[in-house]
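K.L.:
below are the sequence and a predicted model for it; my questions follow.
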Amino acid sequence: MSAPQLKLSESEQIQKDISQELSYLLSQDLDFHNQSGSYSFHNFHSFPAKFPPQLPRKFIESLTIPGEIVLDPMMGSGTTVLEAYLLGRYGIGCDIDPLALLLTKTKITPLNSKEVSQIGNDILKRAKYSIDCNKKRLEQLLHERFDEKTHKFVDYWFAHETQLDLLSLIIEIERIENEDIKAFFQLAFSSIIITKSGGVSLSLDLAHTRPHRAKVLIDPSGEVILGSEYLNNSSRHNDLITKRLRSPIKDIEKRIQHNIQKLNEENSRQIHLDSNILKEQDIPKIKPNIFFNDVQKLSFPDNSVDLIVTSPPYSHNAIDYMRAHKFSLVWFGYSIESLSLKRKDYIGGESTTNIAFESLPPATSLVVDNITTTDKTKGRSLHRYYSEMKRALIEMFRVLKSGKAAIIVVGNSIIRNHDTRIPECLSEMGESIGFQLAKIAARTLDRNRRMLPAGSNIDRNSQIQQRMHKEYVIGLFKP
């Protein structure tokens, strides 16, 4: 006789169903290489290492219904929050990065494109007038705007004429009374500084968070105005050290026009996907909410969230968000000193002073111990990362409803030739606090489109490149 089949309890059946659904979703193609990610407001501003919008969309569509709550507690550029909004879910996002908060706020705030266009024209007109007729006044205001340390930063990274142009623009933007419209133009302003290529600063590779100052400067007419002694017969060498100065006025005018066009498209509820024009299902949209909130101390009730889709920072400061974001934030009134202090609060930072270290489960602890044996400083830095991520996972588990899923997209790192095994370690930590693991999926990064600090060819001697060719999608669920 065969053994009798035990009937699963309702709770066990729910766990089995969610595990199977997650495993199925994670077994599908998650690369999305042939799909455009520029629809809606997703390309309002460059942002390093953001995942394609199709990734959160897949899980939001499959694991929630309209009206349910989707949380991204480390929202970055707000991709998950915007996708939740487009799909009629209640999107909630949290971050401690000022630029992430500004970017997401702008993406999710409906505006009247005609009003925005008129204000944009006024900003450009008055800024041009200040440059042409009030240059002495601008010089005085520039001197007064920054403290000494911030002024040194600005002088090092921005040509003087560029500083005057940027100041004329930000003064006009600061006069806008409507905070939502002001945020729209602040973001346009930031996007001409932090951009995938070019940008108005003297930095090269700024969008990859690895800025270095150009040695050769070329003015808009094509004349070399600084560093001609560094040029040689190699065009590739020259490209890597040369920056052509750009006009902030012209650049922001193009960016404003681009973003207003996106407003028009969204206001007509059209979403452009590749060459097709599709209309969103007629699902009522729910205004999202964003909060300045540390993922390690979420201010939400227990068992209140239906889905989490998030992408934590890379470990060991592989992508140093503040290192790039400060180029814009100094123009918004932040001092270099205050931004340096804020940078220490980011998950994955290298500082280990005044850090609360957590006990780690066995395999994770072994990874940390192996690296600590080789390099004590880097081992402690990794222990900090895993401690912070353990606290983040505890909070995610707390706010998630039973029978619901958390999707965590992470990169891996090699430190001192040791694999940090981030997807496996985060999964182990998740299980140690009560999550169940459905599956870990790997996705290959599209290096031509994704903003990462690495070249197109794999260099095994490069610490940065060893981190950046794949990322992993962890599917956890709360029993």
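P.N.:
Great, that's in hand.

K.L.:
quick one: mean pLDDT for the top helix by length along the chain?
P.N.:
Ordering each helix of the chain by length in residues (DSSP state H) puts helix 376-399 first. Average pLDDT, helix 376-399: 96.

K.L.:
run the chain-centre distance for that helix.
P.N.:
When distances are taken as C-alpha atoms, centre = their mean, to the nearest Å, helix 376-399 is centred 19 Å away from the chain's centroid.

K.L.:
so what's residue 322 closest to, chain neighbours aside?
P.N.:
residue 343 (4.0 Å; C-beta to C-beta, 6 or more residues apart in numbering). Using the backbone N, CA and C atoms, a C-beta is placed for each residue, glycine as well.

K.L.:
before we move on, back to that, buried stuff in the longest helix of the chain?
P.N.:
Within helix 376-399, the residues scored as buried using 16 or more other C-beta atoms under 10 Å are 378-399.

K.L.:
for stretch 205-224, same thing?
P.N.:
Using 16+ other C-beta under 10 Å as the test for burial, stretch 205-224 gives 206, 207, 208, 209, 210, 211, 214, 215, 216, 217, 218.

K.L.:
which members of those residues occur in strands, if any?
P.N.:
Counted as lying in strands by DSSP state E, out of those, are 216, 217, 218.

K.L.:
now render those as TSV, adding pLDDT and distance to residue 166.
P.N.:
Below are those laid out as TSV (pLDDT from 0 to 100; distance: C-beta to C-beta, whole Å):
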residue	pLDDT	distance to residue 166
216	85	22
217	86	17
218	87	19
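
K.L.:
where does the protein have low pLDDT?
P.N.:
Scanning the chain for pLDDT under 70 picks out 1-14, 197, 207, 209, 267-282, 317, 446-468.

K.L.:
can we see that at 50?
P.N.:
1, 270-279, 450-467 (pLDDT under 50).

K.L.:
coming back round to it: report the contact partners of the residue nearest to residue 322.
P.N.:
320, 322, 323, 349 (C-beta atoms under 8 Å, 6 or more residues apart in numbering).

K.L.:
any idea how far residue 320 is from it?
P.N.:
8 Å (C-beta to C-beta, to the nearest Å).

K.L.:
with residue 181 instead?
P.N.:
Taking C-beta to C-beta, one finds residue 181 at 31 Å from residue 320.

K.L.:
what do you get for residue 158?
P.N.:
Distance, residue 158 to residue 320, by C-beta to C-beta: 20 Å.

K.L.:
which residue would you name as the spatial centre of this structure?
P.N.:
residue 76 (3.5 Å; C-alpha atoms, centre = their mean).

K.L.:
list the contacts for that one?
P.N.:
With C-beta under 8 Å, 6+ apart, residue 76 has these contacts: 47, 50, 95, 97, 100, 311.

K.L.:
checking my notes, it in a helix, right?
P.N.:
No: assigned with DSSP: H, G, I helix; E, B strand; the rest coil, residue 76 falls outside any helix and is coil.

K.L.:
quick revisit: what is the nearest of the ones in strands among the buried residues of stretch 205-224 to residue 114?
P.N.:
residue 218 (38.3 Å; C-beta to C-beta).

K.L.:
name the nearest residue to the closest one, ignoring sequence neighbours.
P.N.:
Residue 218 sits nearest to residue 244 (C-beta to C-beta, 6+ apart), 4.5 Å away.

K.L.:
now do the same contact list for that neighbour.
P.N.:
Neighbouring residues of residue 244 by C-beta under 8 Å, 6+ apart: 198, 217, 218, 219, 220, 222.

K.L.:
SS state for the last one?
P.N.:
In terms of secondary structure, residue 222 is coil; the call rests on three-state DSSP.

K.L.:
got phi/psi on the residue lying closest to it once chain neighbours are set aside?
P.N.:
Distances taken as C-beta to C-beta, 6+ apart place residue 244 nearest to residue 222, at 8.0 Å, with adjacent residues excluded. Backbone torsions of residue 244, given as degrees, to the nearest 10, read phi -90, psi 120.

K.L.:
any idea how far residue 244 is from residue 217?
P.N.:
Taking C-beta to C-beta, one finds residue 244 at 8 Å from residue 217.

K.L.:
now swap in residue 370 and tell me
P.N.:
Distance from residue 370 to residue 217, counting by C-beta to C-beta: 46 Å.

K.L.:
residue boundaries of the strands in the stretch 151-300 of the chain?
P.N.:
For the stretch 151-300 of the chain, the strands defined by DSSP state E, counting those that start in this stretch cover 203-204, 212-213, 216-218, 224-226, 242-244, 270-273, 276-279, 289-292.

K.L.:
what's the following helix or strand after the last one?
P.N.:
Using DSSP states H and E, the helix or strand that follows strand 289-292 in sequence is strand 305-310.

K.L.:
now that next one, how far from the centre of its chain.
P.N.:
Worked out by C-alpha atoms, centre = their mean, strand 305-310 lies 17 Å from the chain centre.

K.L.:
who touches the helix or strand where residue 81 lies?
P.N.:
Residue 81 belongs to helix 79-86 when assigned by DSSP H and E. Applying C-beta under 8 Å, 6+ apart, the contact partners of helix 79-86 are 40-42, 50-53, 55-57, 60, 70, 72, 75, 90-93, 104, 107-108, 271, 280, 285-288, 290, 309-310.

K.L.:
and that helix, C-alpha only, in CSV?
P.N.:
Output of helix 79-86 as CSV, limited to C-alpha atoms (Å, rounded to 0.1, in the frame of the first residue of the first chain):
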residue,chain,number,x,y,z
THR,A,79,11.7,52.9,-10.8
THR,A,80,9.6,50.5,-8.6
VAL,A,81,7.5,53.4,-7.2
LEU,A,82,6.7,54.7,-10.7
GLU,A,83,5.9,51.3,-12.0
ALA,A,84,3.6,50.7,-9.1
TYR,A,85,1.8,54.0,-9.9
LEU,A,86,1.5,53.1,-13.6
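
K.L.:
may I see the buried residues of it?
P.N.:
For helix 79-86, by 16+ other C-beta under 10 Å, it's 79, 80, 81, 82, 83, 84, 85, 86.

K.L.:
need the residues you listed in TSV (columns: distance to residue 202).
P.N.:
TSV is the format used below for those (distance: C-beta to C-beta, whole Å):
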residue	distance to residue 202
79	30
80	34
81	33
82	32
83	36
84	38
85	37
86	38
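
K.L.:
surely residue 246 and residue 220 touch.
P.N.:
Yes: if you go by C-beta atoms under 8 Å, residue 246 and residue 220 touch, sitting 7.3 Å apart.

K.L.:
my read: residue 348 touches residue 318, true?
P.N.:
Yes: Residue 348 lies in contact with residue 318 (C-beta under 8 Å); the separation is 7.5 Å.
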